[in-house]
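In: Only the shape, not the letters, is given here:
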Ligand SMILES: Nc1ncnc2c1ncn2[C@@H]1O[C@H](COP(=O)(O)OP(=O)(O)OP(=O)(O)O)[C@@H](O)[C@H]1O
Ligand SMILES: [Mg+2]
């Protein structure tokens, strides 16, 4: 069942258009993550769904009802803000029951719901405290509790973890993942610019860029089959290495040559355009590169820096054309700065993009699916 | 060794401050002392603060005979009414000015700021004219409305500045929780503006309690509605002035103000300093 449908939505502030033609359908119970670079319109889109921001073009429907003109309180959405936005003068309990009081819910039921939410979030012993007497993580949980108590069909989160320190961010992320299972019918939309949060929490990820949707898909789809160069560079950490290349169109597919003249084993096919294809970009993820001999190398470069991270080392290479390439290598690598390294990647794990950044299909990648 | 060693500088500072305190407090002490002296004694004793004997009857005279029991009630009612009304309307105006964008907003703020420099005396004639047209002179309600209706620009701007500083998410959160304009204002915004409310209350309390011109003009025809400052005039006779009775009356008028300020000063200072953290 479709919980939220966004049709051709756009948004302008005066003459400045910040969002254009965004469309998507979100099923009930889905966990959707909006990611994208800062300023791409994630918060704006979320706030338009919430009813906090006017929709200047297109329609948003919640449970098949167009809500463009409905006030926020009538849309059945609860929102968790980055700054928590708890009422400072109310206790945790009052914060959580404020909406219920306004809705005229009976006291007994209010207490029951608060107690349920509090025990779910381990807040039971803090109900009488004020927000300023809580730690950041506890405040965050109260903010989530406020949403749970309302029993709203849709939860909206705007970067809820970004004010927490690294360790707490991880544990709260796990809490949210559990919450998602416990509230399986609740549709959740979650804004973040943290890769890990997006990959681990999402059923589907919506990648936004400059106010429009770049791609919507499961984390696996986005990682394995980015539809364009932007997605390829955006999903995955460290980012995919990009190498300028020239293409040769042949009978049985397209082959590519890097700027260095190295041949790439992979064979590609244009997905739906048949335009003139001469040059473009090859993409290889840092985790797919392996050290090899000079004669089979796709990339050759000199070691700049080695970052030892424990389980892996991140090696930064500088290439002759001035660009840099990152490689993940297992274990501590003792590579002298300035030493020459040759790298190759399995043909199936090489990506290619045309001059406009559109992805080509890798014919060596057997698990490829069409989209 | 117990305590700190006093060096010369510290000693000088303490002496200077003590002198200041003396200069500040002396008139009050003199007033209280005068309220316990006899008519002649006030003049013969000069600056000497110690009365020969404590003439409590000055207070009896002021409280009972001069009608200060009644004036006290009037003043209290007028002051409380004014404080409540001023807090209500200046907070609400400040809320709208501070948090909402609308056409002419800057004009309103500009006009408000301009009224800060208009002396009260200038507006008294239109106010009285207006009030009598509405039949509101000779009534406590009239005095309250006249006192709280004008000259609240400072309070409004204080509230506006404070509300502007509150995070947007709070209002949005309330909106999502289903709170409308007034509910958001009364349940979320106004409680958070406590320090400003304290400041505005104290300032309004002082002005209303001590206001003279408006209550004077409004009670020309009805002496029973006079407030304390107006009532003070009764001690000035055509032939002689009851100085000790007046001093007693003044002391009576001061007492509630001092008590009120004593309890509010902490919040007052906090509000003035604007040092409010979540
Ligand atoms: N009130 C406003 N007036 C004009 N432009 C605005 C306004 N609010 C947001 N914008 C613009 O809209 C665009 C999208 O903003 P938005 O806050 O949605 O970005 P975001 O993706 O949430 O970024 P971040 O990751 O930094 O939070 C930005 O370019 C921003 O400058
Ligand atoms: Mg944002």
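Out: Cool, got the structure. Keep in mind that what you see is a predicted model, and the values were worked out from it rather than measured. Ligands and ions are numbered 1, 2, ... in the order given.

In: which bits of the stretch 101-250 of chain B sit near chain A?
Out: Residues of the stretch 101-250 of chain B found near chain A (CB under 8 Å from any CB of the partner chain) are B:167, B:169-170, B:172-179, B:183, B:187-188, B:191-192, B:194. Every C-beta, even on glycine, is put in place using the N, C-alpha and C of the backbone.

In: Residue A:20: how many residues sit nearby?
Out: Neighbour count of residue A:20, defined by other CB atoms under 10 Å in any protein chain shown: 17.

In: Would you agree it falls within a strand?
Out: Yes. According to DSSP: H, G, I helix; E, B strand; the rest coil, residue A:20 belongs to a strand.

In: Give me the nearest residue to it, chain neighbours excluded.
Out: Spatial nearest neighbour of residue A:20, chain neighbours left out: residue A:10 (4.6 Å); criterion: CB to CB, 6 or more residues apart in numbering or on different chains.

In: what's the spacing between that neighbour and residue B:95?
Out: Residue A:10 sits 32 Å away from residue B:95, going by CB to CB, to the nearest Å.

In: Most proximal residue of the stretch 101-250 of chain A with respect to chain B?
Out: residue A:102 (4.4 Å; CB to the nearest CB).

In: where exactly do the helices run in the stretch 151-278 of chain B?
Out: Using DSSP state H, counting those that start in this stretch, the helices of the stretch 151-278 of chain B run over B:153-165, B:168-176, B:181-183, B:190-192, B:194-210, B:213-218, B:228-231, B:243-273.

In: Let's have those helices in TSV, adding mean neighbour count, distance to ligand 1 and mean pLDDT.
Out: Listed next are these as TSV, based on neighbours: other CB atoms under 10 Å in any protein chain shown; distance: least, CB to the nearest ligand atom, whole Å; pLDDT from 0 to 100:
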stretch	mean neighbour count	distance to ligand 1	mean pLDDT
helix B:153-165	20	15	92
helix B:168-176	22	10	93
helix B:181-183	13	21	95
helix B:190-192	17	23	94
helix B:194-210	21	27	90
helix B:213-218	21	45	90
helix B:228-231	23	51	89
helix B:243-273	17	30	83
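
In: Show me how far the host helix or strand of residue A:190 is from its chain's centre.
Out: Using DSSP states H and E, residue A:190 sits within strand A:187-191. Relative to the centre of its chain, strand A:187-191 is centred 11 Å away, using CA atoms, centre = their mean, to the nearest Å.

In: So in that sheet, which strands flank that strand, and in what orientation?
Out: Each strand paired with strand A:187-191, and its direction, by DSSP bridges: strand A:31-35 (parallel), strand A:154-158 (parallel).

In: Give me the buried positions along it.
Out: A:187, A:188, A:189, A:190, A:191 (16 or more other CB atoms under 10 Å in any protein chain shown).

In: Can you classify the closest residue to the first one other than its chain neighbours as helix, strand or coil?
Out: Take residue A:187 and drop its neighbours on the chain: the residue closest to it by CB to CB, 6+ apart is residue A:3, 4.2 Å away. Following three-state DSSP, residue A:3 is assigned to strand.

In: Repeat that for the one 4 residues further on.
Out: When states are read from three-state DSSP, the local structure at residue A:7 comes out as strand.

In: Residue A:55 is in contact with that one, correct?
Out: No. Using CB atoms under 8 Å, residue A:7 is not in contact with residue A:55; the gap is 10.3 Å.

In: what's the neighbour count on the residue of the stretch 151-300 of chain A found nearest ligand 1?
Out: Per CB to the nearest ligand atom, residue A:193 is where the stretch 151-300 of chain A lies closest to ligand 1, at 5.2 Å. Burial of residue A:193 is recorded as 16 neighbouring residues (other CB under 10 Å).

In: how near is it to residue B:64?
Out: Distance from residue A:193 to residue B:64, by CB to CB: 76 Å.

In: Where does pLDDT dip in the stretch 251-371 of chain A?
Out: The stretch 251-371 of chain A contains residues with pLDDT under 70 at A:273-274, A:332-333, A:366-371.

In: Now for residue 210: which residues touch it?
Out: Assuming you mean chain A. Residues in contact with residue A:210, defined by CB atoms under 8 Å, 6 or more residues apart in numbering or on different chains, are A:40, A:41.

In: if you could check chain B rather than the one you did, that'd help
Out: Shown in contact with residue B:210 (CB under 8 Å, 6+ apart): B:229, B:257.

In: The residue of the stretch 151-300 of chain A closest to ligand 1 touches residue A:36, doesn't it?
Out: Yes. Using CB under 8 Å, residue A:193 is in contact with residue A:36, at 7.2 Å.

In: who touches both of the two?
Out: Shared contacts of residue A:193 and residue A:36, defined by CB under 8 Å, 6+ apart, are found at residue A:42.

In: residues in the stretch 51-200 of chain B within reach of ligand 1, list them.
Out: Nowhere does the stretch 51-200 of chain B come near ligand 1, counting by CB under 6 Å from any ligand atom.

In: Do you have the strands of the stretch 51-200 of chain B handy? List them.
Out: Using DSSP state E, counting those that start in this stretch, the stretch 51-200 of chain B contains no strands.

In: what residues are up against the most centrally placed residue in chain B?
Out: In chain B, the residue lying closest to the centroid (CA atoms, centre = their mean) is residue B:206, at 1.2 Å. By CB under 8 Å, 6+ apart, the residues touching residue B:206 are B:257, B:261.

In: Quick check: it vs residue B:261, distance?
Out: 8 Å.

In: what do you get for residue A:356?
Out: Residue A:356 is 73 Å from residue B:261, by CB to CB.

In: What of residue A:67?
Out: The gap separating residue A:67 from residue B:261 is 52 Å, by CB to CB.

In: Between residue A:10 and residue B:95, tell me which one has more neighbours.
Out: Between residue A:10 and residue B:95, counting by other CB under 10 Å, residue B:95 is the more crowded of the two (24 against 18).

In: Can you point out the buried residues in stretch A:239-247?
Out: Those would be A:240, A:241, A:242, A:243, A:245, A:247, for stretch A:239-247 by 16+ other CB under 10 Å.

In: for it, what is the average pLDDT?
Out: For stretch A:239-247, mean pLDDT rounds to 93.
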